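Trainee: Below: sequence and its predicted model.
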Amino acid sequence: MASLDLILATVCFPIILYVWVSRSNVFPPGPKPLPIIGNLLDMATKEIWLPATRWAKEFGPIVYLHIFGINILFVNTAEAANDLLEQRGAIYSGRPRLIMAGELCGCEHMVVFTTYNARFRRLRTLLNKALSPSATTSYEPLILSGTRSFLSNLHTSPQAFIKHIRHYSGSIGLSVVYGHEAKSTSDPFLLILEECLWFINHDITSGGGIWLVDIFPFLRRLPKWMPGAGFKRKAEKWKQRIDEFADKPFELLKENMSSGSYKPSFCSILLEEAAANKGSANTDERRAEFEFDLKWAANSMYSSTTDANLAAVTLFMLAIISHPSAQKAAQAEIDAVVGNDRLPNFQDREKLVYLEALYKECLRWGIPVPMTLAHRAMKDDVYKGTYIPEGTFVFGNIWSMLRDPEIYPSPETFKPERFLEPCTPEEERRRDPRIAFGFGRRICPGMHLVDSSVWLLMANMLAVFDFSNVKDEHGVAQEIKVEFNNPIFRIPTEFKCDITPRNEMALKLLEQHKRSGV
Ligand code: HEM
């Protein structure tokens, strides 16, 4: 009898609760919607993570909104993100089907836009292989030489630092992915990267990427000449460029491979592996499918590096300019560990403990990507007595998690020392700034590459330059004021700062590297 009670309690009760909650539609709490448009006005803001974090304080770990029948859920704490996006990854790893971005503009082949299906798993396998910690180690020579030429460029024209960061990220992406060396900022593959990133981030996915056609799918059948079908004309133009963006570097690499003059890269290694594997199972159809996947996996890698890196590096610059004592402390440590006659490299990392804390605090305080992209609930779910319907767009609110005062006391304060304070293993697990890279089966595949490349860039920038506010004619430091207009990446608007070589030795090192080209 006791065991029957136990069965009833453990099996039947959760089922009854599930059915009751899902039938009675007890949605998670959230701001009051208006009739018809729902929470449309609440969502109409460029830094959505800021109101989302205010709602988190008012309503709790999960907050629900809806717009024209689209359900939206913000997951605001690391614990809820772990419960839903990690532990229930089988439910929460989809992506919304965006008709405008995906189907009409042709982004549907990129990993970021692909929902959780067999193709997604094939693409992620390719990316995870190319971006695993051990694969990342093999890119270290490229990262090192990219970093050195970035320092030279920064020395030559410090005020163009944004252009140099973009060039650095784009050219590392091109060499790692396609083995292509970008000789200048006007390399056609860098230009098309910039162009496509601009309209993907600012036009296609602006406002969460939801267009009227995503709410009323029948609109996609409108003939493109009709008044009101301007979105179709725009989509056609963007699609053509996005296809070229994926095709052109891949086609050039294949041509170079046929003529035998190419550098090993992510694509060439996998194409060679596929060619060597000419078994009977490797039909023409399979080969075509593999090449199509590889082309889009490559494009997903190449297109994801620039804006995220730009956000991470400019936020680091803002942090050290506004916290000169942290800048000095990191430089003193580099001088002590590395000395003044060479530049920092990967082998120094273990000994640069303050720099490590500074790197973590830059990710935590700066938050380059404050909100995950929308995960899609692939079936109905119940969480803590509330109902989350299938199809809900679920956003991990990284901003609110990395600003959680329970885990990070005085979260607005930039304080690298917080990562040096002794803590229990449980606290160590809770204060993990890798939350900055998202969750579960959708976690950023580029996180290991970022961990090496952005760390090395920071170490080298601090080793040779001082970063400070611009001074006016009376020597008074000018405060830096920036805004954040990009809906996905926290990239500050352009700002001015002074970037000067730290001393004679730094100048000598820069000259040396300029001459040797490494
Ligand atoms: C500071 C740098 C970066 C940050 C903070 C960052 C952060 C993120 C975040 C938060 C997501 C969304 C995860 C989610 O939906 O749960 C993401 C997705 C993604 N990231 Fe990154 N990222 C960075 C750099 C990179 C780089 C360098 C690459 C490629 C080499 C990359 C490739 C991707 C891809 C392909 C996705 C989509 C994954 C998917 O949909 O399954 N990221 N990233």
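Mentor: Thanks, I have it. Residues are numbered from 1 along each chain as shown.

Trainee: Which residues of the protein lie near the ligand?
Mentor: Neighbours of the ligand within the chain, by C-beta under 6 Å from any ligand atom: 111-112, 131, 300-301, 304-305, 308-309, 312, 368-369, 372-373, 375, 396, 436-439, 442-446, 449-450, 454. To be clear about C-beta, it is placed using only N, CA and C from the backbone, and glycine gets the same treatment.

Trainee: Restricted to buried residues, select those residues in ChimeraX.
Mentor: Here is the ChimeraX command that selects the buried residues among these (16 or more other C-beta atoms under 10 Å):
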select :111,131,300,301,304,305,308,309,312,368,369,372,373,375,396,436,437,438,439,442,443,444,445,446,449,450,454
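
Trainee: Just the residues of the chain next to the ligand: which are in strands?
Mentor: Taking DSSP state E, the ones among these that sit in strands are 375, 396.

Trainee: quick one, what contacts residue 158?
Mentor: 465, 498, 499, 500 (C-beta atoms under 8 Å, 6 or more residues apart in numbering).

Trainee: got a markdown table for those residues, with pLDDT, distance to residue 415 and secondary structure too?
Mentor: Listed next are these as a markdown table, based on pLDDT from 0 to 100; distance: C-beta to C-beta, whole Å; DSSP: H, G, I helix; E, B strand; the rest coil:
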| residue | pLDDT | distance to residue 415 | secondary structure |
| --- | --- | --- | --- |
| 465 | 97 | 23 | strand |
| 498 | 97 | 24 | strand |
| 499 | 97 | 24 | strand |
| 500 | 96 | 26 | strand |
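
Trainee: Pull out the buried members of the residues you listed.
Mentor: 465, 498, 499.

Trainee: Take the residues you listed and write them to TSV, including distance to residue 350.
Mentor: TSV is the format used below for the buried ones among the contacts of residue 158 (distance: C-beta to C-beta, whole Å):
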residue	distance to residue 350
465	24
498	32
499	28
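
Trainee: tally of neighbours for residue 404?
Mentor: 20 (other C-beta atoms under 10 Å).

Trainee: residues contacting it?
Mentor: Residues counted as contacts of residue 404 (C-beta under 8 Å, 6+ apart) are 77, 78, 411.

Trainee: Settle this for me: the last one is touching residue 403, isn't it.
Mentor: It stands for residue 411. Yes: counting by C-beta atoms under 8 Å, residue 411 does reach residue 403; the two are 4.2 Å apart.

Trainee: Give me the more crowded residue out of the two.
Mentor: residue 403 (19 against 16).

Trainee: Now do the SS call for residue 64.
Mentor: Following DSSP: H, G, I helix; E, B strand; the rest coil, the label given to residue 64 is strand.

Trainee: who does it bridge with?
Mentor: Bridge pairing for residue 64 (DSSP bridges) gives the partners residue 73.

Trainee: ok, it to residue 453 distance?
Mentor: Computed as C-beta to C-beta, to the nearest Å, the residue 64 to residue 453 distance reads 38 Å.

Trainee: ok, these two, which is more surrounded?
Mentor: Per other C-beta under 10 Å, whichever of residue 64 and residue 453 has more neighbours is residue 453, with 27 against 22.

Trainee: Chain neighbours aside, what residue packs nearest to that one?
Mentor: Spatial nearest neighbour of residue 453, chain neighbours left out: residue 143 (4.9 Å); criterion: C-beta to C-beta, 6 or more residues apart in numbering.

Trainee: Do me a favour and average the pLDDT over stretch 261-276.
Mentor: Averaging pLDDT along stretch 261-276 gives 89.

Trainee: Quick check: buried residues in that stretch?
Mentor: For stretch 261-276, a neighbour-count test (16+ other C-beta under 10 Å) marks 262, 265, 266, 267, 268, 270, 271 as buried.

Trainee: can you tell me which residues contact the third one?
Mentor: Translated: residue 266. Residues near residue 266 by C-beta under 8 Å, 6+ apart: 130, 176, 177, 178, 298, 301.

Trainee: The last one now?
Mentor: With C-beta under 8 Å, 6+ apart as the criterion, the residues that contact residue 271 are 253, 254, 257, 291, 294.

Trainee: Give the burial count for residue 476, as a bare number.
Mentor: 9.

Trainee: Could you tell me how far it is located from the ligand?
Mentor: Distance of residue 476 to the ligand, computed by C-beta to the nearest ligand atom, to the nearest Å: 33 Å.

Trainee: try residue 323
Mentor: With C-beta to the nearest ligand atom as the criterion, residue 323 and the ligand are 19 Å apart.

Trainee: contacting residues for that residue?
Mentor: residue 414.

Trainee: does the residue lying closest to residue 180 once chain neighbours are set aside count as helix, strand or coil?
Mentor: Spatial nearest neighbour of residue 180, excluding adjacent residues (C-beta to C-beta, 6+ apart): residue 174 at 4.6 Å. Three-state assignment for residue 174 (three-state DSSP): helix.

Trainee: What's the end-to-end length of stretch 393-400?
Mentor: Length of stretch 393-400, first residue to last, C-alpha to C-alpha, to the nearest Å: 18 Å.

Trainee: Can you tell me what sits against that stretch?
Mentor: By C-beta under 8 Å, 6+ apart, stretch 393-400 touches 49-50, 52-53, 56, 70-77, 81, 84-85, 92, 96, 208, 367, 369-377, 388, 435-436, 438-439.

Trainee: Of those residues, just the buried ones, ChimeraX syntax please.
Mentor: To isolate the buried ones among the contacts of stretch 393-400 in ChimeraX, judged by 16+ other C-beta under 10 Å, type:
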select :49,52,53,56,70,71,72,73,74,75,76,77,81,84,85,92,96,208,367,369,370,371,372,373,374,375,376,377,388,435,436,438,439
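
Trainee: Helices - which of the contacts of stretch 393-400 land there?
Mentor: Secondary structure from DSSP state H places 49, 50, 52, 53, 56, 81 of the contacts of stretch 393-400 in helices.

Trainee: show me the contacts for the first one.
Mentor: It stands for residue 49. 367, 370, 371, 397, 398, 399, 400.

Trainee: and residue 28, how many neighbours?
Mentor: 23.

Trainee: now do residue 409
Mentor: The tally of other residues near residue 409 (other C-beta under 10 Å) stands at 11.

Trainee: In three-state terms, label it for me.
Mentor: Assignment for residue 409 (three-state DSSP): coil.

Trainee: same check, this time on the one 5 residues further on
Mentor: Secondary structure for residue 414, judged by three-state DSSP, is coil.

Trainee: what's the answer for residue 226, then?
Mentor: Going by three-state DSSP: residue 226 is coil.

Trainee: Also residue 26?
Mentor: Assignment for residue 26 (three-state DSSP): coil.

Trainee: Okay, it and residue 417: tell me how far apart.
Mentor: 44 Å.

Trainee: So for the residue lying closest to residue 190 once chain neighbours are set aside, what pLDDT did the model give?
Mentor: Nearest residue to residue 190 in three dimensions, chain neighbours excluded: residue 170, at 4.6 Å (C-beta to C-beta, 6+ apart). Per-residue pLDDT puts residue 170 at 93.

Trainee: cool, and residue 487?
Mentor: In this prediction, residue 487 carries a pLDDT score of 84.

Trainee: same check, this time on residue 6
Mentor: 47.

Trainee: just the one 4 residues further on next, same as before
Mentor: Note for residue 10: predicted pLDDT of 50.

Trainee: from now on call the first residue 43
Mentor: Sure thing, new numbering starts at 43, so read that last one as residue 52.

Trainee: so residue 417 touches residue 133, yeah?
Mentor: No: contact criterion C-beta under 8 Å: residue 417 and residue 133 do not qualify, at 9.2 Å.

Trainee: quick revisit: pick the one among the ones in helices among the contacts of stretch 435-442 closest to residue 225.
Mentor: residue 91 (38.6 Å; C-beta to C-beta).
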